[in-house]
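*Asks:* Predicted coordinates and the sequence they were generated for:
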Amino acid sequence: MENKEIGFQADDFLPNRTSEEIDLVDENGNSYQWEVFYSFSLLGNDYLVFIPTTEQEYQFVNVEMDDPDSEVPGYIIMRLGQDEAGEEILEEILDEDELEEVREFVEDEIGLVGQFLNQEE
């Protein structure tokens, strides 16, 4: 997947709650509009977390949630990278160790994320 005009801003120490939506196009040309749930830096990389909003997006979930009360099966974490031309792109995290470390970071921060969500209600 690649992004279009992401305008990403990250903080090196704290997650950044945003309400920015980005348009994503997968390798088959299908277009999706995702809201950036939050962003953070870890391991020298920048990451974005998305919550799927439709069942069609559930196929992209790479971190499953164990919460039986959750309305979604999990969330999506993507790494922000650059293509050959220097344009920002979103990269799937293929390394299982990296994904596990990033998942642990997100779960450690989930209390802070929950506070953000409760403020919006």
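*Replies:* Now that the structure is in, tell me what you want to look at.
*Asks:* And the helices in this protein?
*Replies:* Ranges of helices within the chain are 96-120, based on DSSP state H.
*Asks:* if I look at Phe37, how far off is Glu27?
*Replies:* Here Phe37 is placed at a distance of 23 Å from Glu27 (C-beta to C-beta, to the nearest Å). Every residue, glycine included, has its C-beta placed from N, CA and C.
*Asks:* which residues touch the residue nearest to the spatial centre of the chain?
*Replies:* Centroid-nearest residue in the chain, with C-alpha atoms, centre = their mean: Val49, separated by 1.9 Å. By C-beta atoms under 8 Å, 6 or more residues apart in numbering, the contact list for Val49 reads Val36, Phe37, Tyr38, Ser39, Phe40, Tyr75, Ile76, Ile77, Val106.
*Asks:* Next: Gly81.
*Replies:* Taking C-beta under 8 Å, 6+ apart, one finds Asn45, Glu88, Ile89, Leu90, Glu91 in contact with Gly81.
*Asks:* Quick check: the gap between it and Pro73.
*Replies:* Counting by C-beta to C-beta, the gap from Gly81 to Pro73 is 25 Å.
*Asks:* again with Leu24
*Replies:* Distance from Leu24 to Pro73, by C-beta to C-beta: 19 Å.
*Asks:* Grab the longest strand from the protein for me.
*Replies:* strand 31-42 (DSSP state E).
*Asks:* avg pLDDT for stretch 28-47?
*Replies:* Averaged across stretch 28-47, pLDDT comes to 87.
*Asks:* actually stretch 100-113, not the one I wrote
*Replies:* Over the span of stretch 100-113, the pLDDT mean works out to 79.
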